[in-house]
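Engineer: Whatever this is, show me its structure:
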Amino acid sequence: QRQMCIRDRDVGTKRIGIALSDYLLMLANGHSYIPRTPEDKALETVYKIAKENNVKKIVVGVPLNMDGTKGSQAQDCIDFAGKIEGYEVFYEDERLTSETAEENLRNKKINFIKDKGLVDIESACIILEQYLSRKQ
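Structural biologist: Here you go, the predicted structure:
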């Protein structure tokens with residue numbers, strides 16, 4: 001029973017970063033990123049990845065405003081996640097994960113300038129690890 005994180009900060013325009021937990025639900029590993037549009041294709045791909053990896057729960061990163069309120073991007077993420085059926089869906093605050101992800105990638109000497117999807121994958125790992133550490 002694994003858990004999956006989808007990180008969809010640039011709703012409607014870019015990518016969804018995906019990370020998967022290990023089977024002990026302790027670590028997150030980057031999986032991939034997929035195009036955000038068209039939405040039905042994005043959902044189909046999320047389902048395919050979840051099924052192939054025996055996922056039972058999906059954690060969705062929500063970009064709250066710095067004061068903790070929901071803006072339009074957060075609501076768009078929640079609306080997208082609301083279309084996911086057949087899985088338990090949990091929401092996780094993803095404030096500042098992009099900055100942390102970029103720092104992590106720089107520290108690993110990974111050039112993400114030409115491939116921003118790497119930031120989305122790393123962010124999904126951070127979000128999933130946040131969620132998993134709180135659930136321990």
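
Engineer: confidence score at the closest residue to Ile49 other than its chain neighbours?
Structural biologist: Nearest in space to Ile49, with sequence neighbours left out and distances taken as CB to CB, 6 or more residues apart in numbering, is Ile18 at 6.1 Å. All C-beta atoms are positioned from the backbone trio N, CA, C, and that covers glycine. pLDDT for Ile18: 94.

Engineer: same check, this time on Gln3
Structural biologist: Gln3 is given a pLDDT of 78.

Engineer: in which helix or strand would I find Met4?
Structural biologist: Assessed by DSSP states H and E, Met4 sits inside strand 2-7.

Engineer: which residues touch the helix or strand bottoming out on mean pLDDT in the chain?
Structural biologist: Ranked by mean pLDDT, DSSP states H and E, the helix or strand of the chain with the weakest confidence is strand 2-7, at a mean of 74. In this structure, residues lying in contact with strand 2-7 by CB atoms under 8 Å, 6 or more residues apart in numbering are 16-23, 25, 28, 31, 46, 49-50, 53-61, 81, 92, 94, 97, 120-121, 123-125, 127-128, 131-132.

Engineer: got the residue ranges for the strands in this structure?
Structural biologist: Per DSSP state E, the chain carries strands over the ranges 2-7, 15-21, 28-35, 55-62, 88-93.

Engineer: Go ahead and confirm Glu39 touches Ala81.
Structural biologist: No. Under the criterion of CB atoms under 8 Å, Glu39 lies out of contact with Ala81, with a separation of 11.7 Å.

Engineer: which one of those two has more residues nearby?
Structural biologist: Taking neighbours as other CB atoms under 10 Å, Glu39 and Ala81 compare with Ala81 leading, 21 against 13.

Engineer: Spit out the contact partners of the more buried one.
Structural biologist: For Ala81, the residues meeting the contact criterion (CB under 8 Å, 6+ apart) are Ile6, Ile58, Val60, Val89, Tyr91.
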